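[1] Just the structure for this:
(3 chains)
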Amino acid sequence: TVIAFPVLLLLLFSLFVTYDEHAHALAQTNATDHMKNEVYRVYPFFADVQVMIFIGFACLLAFMRLYGFGGVVFNFLTATFSVQWAIIIQGFCHFYHDGKIHIGVFNFINAEFACAVVLISFGAVLGKTSPVQLLIMALLEIPIFAVTDWLIVTYLKINDAGGSIVIHIFACYFGLGVTRMLYRPSLNDGHANLTTSYQSDILSVLGTLFLWVFWPSFNSALTLPGDDQHRAIIHTFIGLSSSTLTAFALSALLDKKGKLSMSDIQNVTLAGGVTVGATVDMMVTPACAFALGVVGCCACMLGYKYLTPFMATKLKIQDQCGIHNLHGLTGLISTLAAIIAILMANEDTYAIYQVAALGLALATSVLGGLLTGAILKLPFLSQPTDDYCFDDRVYFEVPNDFDAASTLTRQSQK
Amino acid sequence: TVIAFPVLLLLLFSLFVTYDEHAHALAQTNATDHMKNEVYRVYPFFADVQVMIFIGFACLLAFMRLYGFGGVVFNFLTATFSVQWAIIIQGFCHFYHDGKIHIGVFNFINAEFACAVVLISFGAVLGKTSPVQLLIMALLEIPIFAVTDWLIVTYLKINDAGGSIVIHIFACYFGLGVTRMLYRPSLNDGHANLTTSYQSDILSVLGTLFLWVFWPSFNSALTLPGDDQHRAIIHTFIGLSSSTLTAFALSALLDKKGKLSMSDIQNVTLAGGVTVGATVDMMVTPACAFALGVVGCCACMLGYKYLTPFMATKLKIQDQCGIHNLHGLTGLISTLAAIIAILMANEDTYAIYQVAALGLALATSVLGGLLTGAILKLPFLSQPTDDYCFDDRVYFEVPNDFDAASTLTRQSQK
Amino acid sequence: TVIAFPVLLLLLFSLFVTYDEHAHALAQTNATDHMKNEVYRVYPFFADVQVMIFIGFACLLAFMRLYGFGGVVFNFLTATFSVQWAIIIQGFCHFYHDGKIHIGVFNFINAEFACAVVLISFGAVLGKTSPVQLLIMALLEIPIFAVTDWLIVTYLKINDAGGSIVIHIFACYFGLGVTRMLYRPSLNDGHANLTTSYQSDILSVLGTLFLWVFWPSFNSALTLPGDDQHRAIIHTFIGLSSSTLTAFALSALLDKKGKLSMSDIQNVTLAGGVTVGATVDMMVTPACAFALGVVGCCACMLGYKYLTPFMATKLKIQDQCGIHNLHGLTGLISTLAAIIAILMANEDTYAIYQVAALGLALATSVLGGLLTGAILKLPFLSQPTDDYCFDDRVYFEVPNDFDAASTLTRQSQK
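    As a prediction, the model looks like this:
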């Protein structure tokens, strides 16, 4: 069945896709200044976001001891399909005229944002889904996202340059909807594979660092050029730095022995990147970006500590990577910050739009996620059994030393 | 003897190398707009290709359990020497006037393409050659490549922006020529070191991802600015995506248990980057790039499955990393695609040039490779014995845990 | 206490930090060409240096078998704090007017240079300091560096585009001062944790490669635009290449069995990046950059072999990562090269300024380092005991397989 995905895409590309005016030879004239081609403005940001998606996410998701292949490789598969699928779907929404979708590198950036949505949702079900399920999830999530995004951009024109509402909140609640439907009671008692190894922890934190370093490019990729883009970079860098410093402090403070937890370093440090999102290009002052990083970090940290276990046991929402802390809570804080900033500028109407966008994103993502989760339960999608969750052996040929640490432990127990 | 290489280069730099007009202070006037210096146009592409060569290749080649140092470090050595040596050799071919080679960052990009040629050929003999042999190989391959390239560029003016003919086909058949001469019968029975480890597989796929992410920069680095460069980026990205999706599907389909093979993920996913090469800047449609990715991927996958074993046993060509699949077959498909595209544009003369270039590249690479392989067999180049192939202990001080997995296995067998 | 650091920064940001004219909305007019915003010129260099600092340094410092978390994570913490703190301190020195510090991405690059200073010094005490000590070190080193830098830039106007004097020499002697005060006699007898593992060696050399690839961006980030910046890139690339080739040759030559040492590959290959620093934008010829790489590499290599052990035992200066070889000796060579180049241009006055800057940097760094080291000995800063140096268990929750190799060894000895 997997072969259907490239075939479907090839068909759609053949029927509908052509170049936009920046990539079409016939759109150039003798007067065209080739150095002003849009590609030079957007390609550097595209490349940075590529590193985040294909390397940053990949490493970050590879934090489990026996699911390193799964983290890196399923991220690769899901991301590649999502971007191409988004080029088509977003193409029909935004770039369709004269019977064709017109593409250039600019479309690719938009498609990568849609891809980021899928990968964030993926975090909620990491290790509990087959690759076919992930592709089906992308197949369904991209159109639901694209329509929501199109409605918000067309009718609500909100402030959300960093995508806190459109990307992070949507992705989070969609993922939670999916994982709610895929609830596995036995996992609430823990799972032998749910541990990290020394190497997987280091790899994962490198993923964090790649995301951290290029996040300013992500948050500024779709802002207006000039001082807006400049501020987006400044705020993101400051917000990430402040959430990082706060995360280190809180991680040590909240631990009984005062030690640092690698899981905090891998996740909570990034909270500021989301929290500054909705106000990232506004004149909110650098101090405000710093404060947003601190507040986002605190919410994210407390979420990991208290909310995630609560949701798993009481609400039957098993959020594997804690996306509700890193993308949901922080996204809500960011939205609130944007509303306050808009109210302080006496733009009350726009504040209502902001609230409407939040409501729309929440509604479509929750419903879409639940629906998608229900479909993913179809029996022929080869979902792994509880025992074989978080285990690369199910989907990969693995080398002999795959579970060397267990062998070692068994030996010492003899 | 290794000290001779930097000394030789220092001598040549002293005698022949000066700055080009973009880097020479005296070539600037009061009217010079410094922001229009060529460095700003070419440096970003140079940096991206640097990441591919020094990090992407390094990680990809480190896939063996006991040859991680060799993969990363010999790639570092070979690449560094190749680039500097190519600056000199290509300098004499292309940038020599008034008794001097004139260099700038633009030359560095050209030199990196020559370096990529050497590293691809390196893939055929990975683990079976000493560092001195690798340096000698680079010493010989760079001039043969530079002259071939110079002949093709000067007399044939072919379409090959992504270097499918000049780079990939040349590099592949040169490498096969070398490995033919270095044939080791005993290796056809397998080798104990020819396995991966869990960590080496993850590292290698990260190398793939670095190559994947920056391949659009590679294929577009030397195109015309503007829409040509824009299309090169678009086609490469689409071609890589389609070969990736196809590779996942085929890997699962061709495996008896339906599992994915990391080796396929590490190599076959990249096939599309080569297949789109020769037409990468043409107006071939995005769908065509997608189709080229699919076709290239199929050829590459089947090559790994059937052709590589056949060549090793019947033709005495032991192609360690399967470069014939990832660079040879795909290069040929790309050339064929370019010829078809040119014929469809009724440019029959140019199609003949394309064929001539292919013939020239094949001839010089095979002959050059065989000759170089013969020289590499000279006894004083410290080639490792069969037993010590693919083993870091021969050339490196290794840490105690170097072969921990074997120790573990031996213990469990006690 | 760690929570004090983000709180302090938040306070300072609130009171003193605003946007500069490239990031402030009100500084733009209808006539502003947004594409000429400074952000487009400086952001690519900023991003490259970010990769060096947060990924390159992180991996390079993770070379110890049991201190991988420490290397990556303390680098993350120290770097994040240092950059934000430097934005404030350098802001008061250079960008303070109308009661506010005016910031943009340009300030961030300057702050990253200050951060690099702290991380280089960190190399001298790696594994022997607590995270609180590292933060205190950054707290003190940044202002001492900023004032020294301000004095040199304002009054001496020296040639030092790559920062050989201002960054490398200062950082080195500051670090040596600190480690002198933190002298631990017992470590001169070796320490069980002072070994690498196969994986940590590979990770560390990847760090080297990230530094290597982006070093041209570092050395050229603050030069004049145009041919100056172009030459800085050229010289750095050539210098790094020549030191790399020389390092491989010397590493094999100086080893009894002719094997390569990973420690040499990880460190000595980078010497050329520092040695070309002070002359990096001058018209010194490419051959001169090559020669500087060779000379710097030789000095660095001999330093590791003979000087570091001598300093540890005789001078009580335990230089953990050998920063005196990679940054001190090479920095001195670079300074000398600049002085010679200036004398050859008959600019004798400027040569005196260069010497004065060197003297100033040496004086402030040694004194500042000794003072800082004395403060770091205060008992409540939770410095690890000798036994627990180079051990992640002190500061991190570690996974079960943390010390698997030792377990293995103990078993085999039974």
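[2] A:Pro44 contacts B:Phe45, doesn't it?
    No - using C-beta atoms under 8 Å, A:Pro44 is not in contact with B:Phe45; the gap is 10.5 Å. Bear in mind the C-beta positions are built from the backbone N, C-alpha and C, glycine included.
[3] Assign A:Thr18 to one of the three secondary structure states.
    The three-state label given to A:Thr18 by DSSP: H, G, I helix; E, B strand; the rest coil is strand.
[4] and what of A:His102?
    Here A:His102 is recorded as strand under three-state DSSP.
[5] ok, what's across the strand from it?
    Assessed by DSSP bridges, A:His102 has beta-bridge partners A:Thr18.
[6] Between A:Pro44 and B:Phe45, tell me which one has more neighbours.
    Neighbour totals were compared for A:Pro44 and B:Phe45, and B:Phe45 leads with 22 against 18 (other C-beta atoms under 10 Å in any protein chain shown).
[7] how about the more buried one, what does it touch?
    Counting by C-beta atoms under 8 Å, 6 or more residues apart in numbering or on different chains, B:Phe45 touches B:Ile109, B:Ser217, B:Ser220, B:Ala221.
[8] among the helices and strands of chain A, which has the poorest mean pLDDT?
    The weakest-scoring helix or strand in chain A, judged by mean pLDDT, DSSP states H and E, is helix A:404-413 (a mean of 67).
[9] what about the residue of the stretch 151-300 of chain A found nearest chain B, how many residues close to it?
    Proximity of the stretch 151-300 of chain A to chain B (C-beta to the nearest C-beta) peaks at A:Gln199, 5.8 Å away. Using other C-beta under 10 Å, A:Gln199 is surrounded by 22 other residues.
[10] Quick check: the spatially most central residue of chain A vs B:His230, distance?
    Among the residues of chain A, the one closest to the centroid is A:Ile120, at 3.2 Å (C-alpha atoms, centre = their mean). Counting by C-beta to C-beta, to the nearest Å, the separation of A:Ile120 from B:His230 is 29 Å.
[11] same thing with A:Leu182?
    A:Leu182 is 42 Å from B:His230, by C-beta to C-beta.
[12] and the two? which has more neighbours close in?
    Neighbours were counted for A:Leu182 and for B:His230 using other C-beta under 10 Å; B:His230 has more, 28 against 19.
[13] number of nearby residues for A:Pro379?
    Here the number of neighbours of A:Pro379 (other C-beta under 10 Å) works out to 6.
[14] what about the residue of the stretch 151-300 of chain A closest to chain B, which SS state?
    helix.
[15] you'd agree it is up against B:Gln199?
    Yes - A:Gln199 lies in contact with B:Gln199 (C-beta under 8 Å); the separation is 5.8 Å.
[16] Just the closest residue of chain A to chain B, please.
    Proximity of chain A to chain B (C-beta to the nearest C-beta) peaks at A:His34, 2.8 Å away.
[17] what's the neighbour count on A:Lys305?
    Number of residues near A:Lys305 (other C-beta under 10 Å) recorded here: 14.
[18] Wasn't it part of a helix?
    Yes - read with three-state DSSP, A:Lys305 is one of the residues of a helix.
[19] tell me the contacts of the residue in chain A that chain C sits nearest to?
    Per C-beta to the nearest C-beta, A:Gly226 is where chain A lies closest to chain C, at 2.8 Å. Residues in contact with A:Gly226 (C-beta under 8 Å, 6+ apart) are C:Gln28, C:Thr32, C:His34, C:Met35, C:Asn37, C:Val39.
[20] Nothing else from me, thank you.
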